[in-house]
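[1] Curious how this folds, go ahead:
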Amino acid sequence: MDESGGSGQPRSGTDESTERRPDREAPATGPARPDPAPSDEQPKDDASGTGDTTPGPATPTSSESREEADPAPGDATDPRTPDRRDAESPFTQASHSDRHPDTHPDRPLAHSGTTKGRPPQRPKDPRGGLLMGRPFGVPVYVAPSWFLVAALITWVFGGQLDRVLPELGAARYLVSLFFAVAFYASVLVHELAHTVAALRFKLPVRRIQLQFFGGVSEIEKEAETPGREFVLAFVGPLLSLVLSGVFYGALQAVEPGTVPGVLLAGLMISNLIVAAFNLLPGLPLDGGRMLRAVVWKITGRPMTGTVAAAWVGRALAVSVLVGLPWLTQSGALGSDAVDNVGMDTVMDALLAAILAAIIWTGAGNSLRMARLREHLPDLRARTLTRRAVPVETNTPLSEALRRANDAGARALVVVDADGNPLSLVREAAIVGVPEHRRPWVAVSGLAQDLTDGMRVSAELAGEELLDALRATPATEYLVVEETGEIYGVLSAADVERAFVKAMARPS
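    Purely as a prediction, here's the structure:
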């Protein structure tokens, strides 16, 4: 994520170009000065492309009320105080000669009203593979890596079938492919158990993805209590154990040494391995989440539980990397000890390295996400909002910038005669207007229309704030008080910068 747009300007976002309107070439009032004749070199009233509206709260009608409402001037915690990023901002560039003689610096606070417009669209998230269905309303995707694993399982299990049922011949690979599909169906049941539990606790599930070495349920929020966290983690291995028992019971009803017998035995053992492996006490495995819930319950701090379970997960990754090949070579897993290094030894080492990398990476990701969630309350709309001043539709740009500079503001909100906000003036459009043209360009020609979803409460913070921004993607938002007064403008770029800082701070 970029933190700046270059040349001291705030990072630009996506918005639409505003059409130039001939009737807005000159302000409603002003000195008797002829408008420059149009030419090919004459700058346009707007800047097409991208622009950030540099949000911030509305300015009170007097300096006394401003001191009561805002933090002390120069306070580093006041996001509405201009900082170094705005040294070259157009809001600090209006000169005395640009001021319009017939305008008034004092305006009442505007009120939020209904506006029209289309917010800029943000890129959609990747879908994650082939969509297989939507059980319980949750999409299930099969990642491309699954096909590689299915081919590997087909080849390995086919070799085992050749020793047990040599009469199958080439048909053994068809049986092996059926086993691979049945095994991943069992993994899907494992993940559906997590999904059902999450939905039961009113936790949104984004999707289920079957991928390399298993599956994952993407639950968008954390459980509210350690008890729910423990249940949410335990139901997956529990279902795998239940499936293993079901396959064992079915195995008793078939003839051993037959295709059904071999398939049922393989599915029984594979589900038992899945349950045992996921119960290992380290993140990102289910056992790690159970350990996290236990430590959370004891200490009362979810972050402490995450740190403990993540470091146990990293220790587990090292143990898998070293221990799995050693166990295989020593014969401790039931096979004969191997003294020389062959293809089986290389495959065991490769499998151990892949599993260790998955566990280590997952543990690190869990730590980063926990740190983010711990700092999410610091993301508050009130502290991230930029100061703004309301201006009427026909206000000349130079006068609007003069008012913003006098108020220490970094945004302009275009309002109607009743004080209802209509649009936000785009800073990129301001930059595109030379200073000598600013007294003759109305702010409405440089503004981006607001939409209903681009209003957020000044009281929003943390995940509630992020949820509100995700619901209506845009580059900037109008921030309003509970009374309906404009508090300022919130830039998505500022939220992203705060997001990065939250991730960088130590816990």
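
[2] quick one, helices of the stretch 201-350 of the chain?
    Listed in chain order, the helices found in the stretch 201-350 of the chain under DSSP state H, counting those that start in this stretch are 226-251, 259-278, 286-299, 302-330, 343-375.

[3] Tell me the gap between the shortest one and the middle of its chain.
    What that stands for is helix 286-299. For helix 286-299, the gap between its own C-alpha mean and the chain's C-alpha mean amounts to 25 Å (Cα atoms, centre = their mean, to the nearest Å).

[4] What count of nearby residues applies to residue 211?
    Other residues lying near residue 211 total 18 when counted by other Cβ atoms under 10 Å. Yep, even glycine has a C-beta here, placed from its N, CA and C like the rest.

[5] before we move on, the earlier item: need the winner for burial among the helices of the stretch 201-350 of the chain.
    Per-residue neighbour counts averaged over each of those give the maximum for helix 286-299, namely a mean of 22 (mean count of other Cβ atoms under 10 Å).

[6] Identify all contacting residues around that one.
    226-227, 229-230, 232-234, 236-237, 278-283, 302, 304-306, 308-310, 312-313, 363, 366 (Cβ atoms under 8 Å, 6 or more residues apart in numbering).

[7] thinking again about what came up before, between the helices of the stretch 201-350 of the chain, which one is closest to residue 218.
    Comparing the helices of the stretch 201-350 of the chain against residue 218 with Cβ to Cβ, the closest turns out to be helix 343-375 (11.7 Å).

[8] Give me the helices and strands touching that closest one, please.
    With contacts defined as 3 or more Cβ pairs under 8 Å, 6 or more residues apart in numbering; DSSP states H and E, the packing partners of helix 343-375 are helix 302-330, helix 492-504.

[9] export the ones you listed to CSV and tack on mean pLDDT?
    Conversion of these to CSV gives the following (pLDDT from 0 to 100):
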stretch, mean pLDDT
helix 302-330, 88
helix 492-504, 81
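
[10] May I see these arranged in JSON lines, with distance to residue 144 as well?
    As requested, the helices and strands packed on helix 343-375 are exported to JSON lines (distance: least, Cβ to Cβ, whole Å):
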{"stretch": "helix 302-330", "distance to residue 144": "25"}
{"stretch": "helix 492-504", "distance to residue 144": "29"}
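
[11] Let me know which of those is the nearest to residue 478.
    Shortest distance between residue 478 and the helices and strands packed on helix 343-375, using Cβ to Cβ, is found for helix 492-504: 12.8 Å.

[12] orientation of that closest one relative to helix 343-375 in degrees?
    Helix 492-504 runs at 120 degrees relative to helix 343-375, counting by axes from the mean of the first three to the mean of the last three Cα atoms, to 10 degrees.

[13] Can you dump the C-alpha atoms of helix 492-504 in CSV for me?
    As requested, C-alpha coordinates have been extracted for helix 492-504 and formatted as CSV (Å, rounded to 0.1, in the frame of the first residue of the first chain):
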residue,chain,number,x,y,z
ALA,A,492,-9.3,5.9,2.7
ALA,A,493,-5.6,6.6,2.2
ASP,A,494,-5.4,7.9,5.8
VAL,A,495,-7.1,4.7,7.1
GLU,A,496,-4.6,2.6,5.2
ARG,A,497,-1.7,4.5,6.6
ALA,A,498,-3.0,4.1,10.1
PHE,A,499,-3.6,0.4,9.3
VAL,A,500,0.1,0.0,8.4
LYS,A,501,1.2,1.8,11.5
ALA,A,502,-0.9,-0.4,13.6
MET,A,503,0.7,-3.5,12.1
ALA,A,504,4.2,-2.0,12.6
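
[14] before we move on, back to that, of all the helices and strands packed on helix 343-375, which lies closest to residue 409?
    Proximity of the helices and strands packed on helix 343-375 to residue 409 was assessed by Cβ to Cβ; the nearest stretch is helix 492-504, lying at 14.6 Å.

[15] ok, residue 468 - contacts?
    Listed by Cβ under 8 Å, 6+ apart, the contact set of residue 468 reads 456-457, 460.

[16] Please, where are all the strands along this structure?
    Secondary structure of the chain by DSSP state E: the strands cover 130-133, 140-142, 205-211, 214-219, 389-392, 412-415, 421-425, 447-449, 455-457, 476-480, 486-491.

[17] between these, which gets nearest to residue 372?
    Minimum separation from residue 372 across these (Cβ to Cβ) falls at strand 214-219, 15.1 Å.

[18] ok and the closest one relative to strand 205-211, angle-wise?
    Between strand 214-219 and strand 205-211, the angle formed by their directions is 170 degrees, by the same axes, to 10 degrees.

[19] Mind giving me the packing neighbours of strand 214-219?
    Using 3+ Cβ pairs under 8 Å, 6+ apart, the elements in contact with strand 214-219 are helix 172-200, strand 205-211.

[20] so which of these comes closest to residue 436?
    For the helices and strands packed on strand 214-219, proximity to residue 436 was assessed by Cβ to Cβ; strand 205-211 is nearest, at 52.4 Å.

[21] now the angle from that closest one to helix 172-200?
    Orientation of strand 205-211 against helix 172-200 (the same axes, to 10 degrees) gives an angle of 160 degrees.

[22] Not counting sequence-adjacent ones, nearest residue to residue 285?
    Distance criterion Cβ to Cβ, 6 or more residues apart in numbering; nearest residue to residue 285, sequence neighbours excluded, is residue 278 at 5.2 Å.

[23] quick one, what contacts the one you found?
    Listed by Cβ under 8 Å, 6+ apart, the contact partners of residue 278 are 190, 236-237, 240, 285-287.

[24] what's the closest of the contacts of residue 468 to residue 415?
    Minimum distance to residue 415 across the contacts of residue 468 is 17.9 Å, recorded for residue 456 (Cβ to Cβ).

[25] Tell me the spacing between the closest one and residue 464.
    Counting by Cβ to Cβ, to the nearest Å, the separation of residue 456 from residue 464 is 10 Å.

[26] So between these two, which is more surrounded?
    Regarding residue 456 and residue 464, a neighbour count based on other Cβ under 10 Å identifies residue 456 as having more, with 21 against 15.

[27] which residues touch that one?
    Residues counted as contacts of residue 456 (Cβ under 8 Å, 6+ apart) are 381, 465, 468-469, 477-480, 490.

[28] want to throw these into TSV with pLDDT?
    Shown next, in TSV, are those (pLDDT from 0 to 100):
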residue	pLDDT
381	90
465	87
468	85
469	87
477	87
478	88
479	91
480	89
490	88
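
[29] Pick the one among the residues you listed closest to residue 351.
    The nearest one, if we look at the contacts of residue 456 relative to residue 351 and count by Cβ to Cβ, is residue 469, at 42.3 Å.

[30] Nearest residue to residue 218 in space, please, no chain neighbours.
    Using Cβ to Cβ, 6+ apart, the closest residue to residue 218 is residue 206 (4.2 Å).

[31] I meant to write residue 377 there.
    In space, not counting the residues next to it along the chain, residue 377 is nearest to residue 462; the distance is 4.7 Å by Cβ to Cβ, 6+ apart.

[32] which residues touch the one you found?
    Shown in contact with residue 462 (Cβ under 8 Å, 6+ apart): 376-377, 379-380.

[33] quick one: low-confidence parts of the stretch 401-507 of the chain?
    503, 505-507 (pLDDT under 70).

[34] change it to 90
    Across the stretch 401-507 of the chain, the ranges flagged by pLDDT under 90 are 404-433, 435, 443-456, 461-478, 480, 482-486, 489-507.

[35] State the pLDDT value of residue 361.
    At residue 361, the model reports a pLDDT of 90.

[36] about what we covered before: quick one: the residue nearest to residue 218 from residue 278, how far?
    Residue 206 sits at a distance of 20 Å from residue 278 (criterion: Cβ to Cβ).
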